[in-house]
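After the sequence you'll find the predicted model.
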Amino acid sequence: MKLTLNIEPGLIDQMKQVAKKRNTSVSKLAENFFKKEISADNEPFRMKSEDELPQWVKDLTISGEPVPDFDNKAEYRKHIIEKYSS
């Protein structure tokens, strides 16, 4: 299968030099690169446990239970009135 890529001319020259040093083609270099990239990223998704999360994510977490009688529409209305009534 054929694929056309638009790559900077200077980079193409460097790719050709690398391919020549490795006694291969630019196409094989690209193919091997993407095979490695795809296999490295092909891990199944899993949720991280709380212990695995970075501290900045933990800092964003709001602790506590939600208030059952919280009226988000009323709070939003209040916010808009405060924002635009100067």
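In hand now; what should we look at?

Please enumerate residues in contact with stretch 25-34?
Ile12, Met15, Lys16, Val18, Ala19, Arg22 (C-beta atoms under 8 Å, 6 or more residues apart in numbering). Yep, even glycine has a C-beta here, placed from its N, CA and C like the rest.

Just the buried residues of those.
Of the members of the contacts of stretch 25-34, the ones counted as buried by neighbours, 16 or more other C-beta atoms under 10 Å, are Ala19.

Reformat the contacts of stretch 25-34 as CSV; add pLDDT and distance to Glu52.
Rendered in CSV, the data for the contacts of stretch 25-34 read as follows (pLDDT from 0 to 100; distance: C-beta to C-beta, whole Å):
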residue, pLDDT, distance to Glu52
Ile12, 90, 41
Met15, 91, 38
Lys16, 92, 43
Val18, 91, 37
Ala19, 91, 40
Arg22, 90, 38
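
Find the least confident helix or strand in this structure, judged by mean pLDDT.
Least confident helix or strand, the chain: helix 55-60 with a mean of 80, by mean pLDDT, DSSP states H and E.
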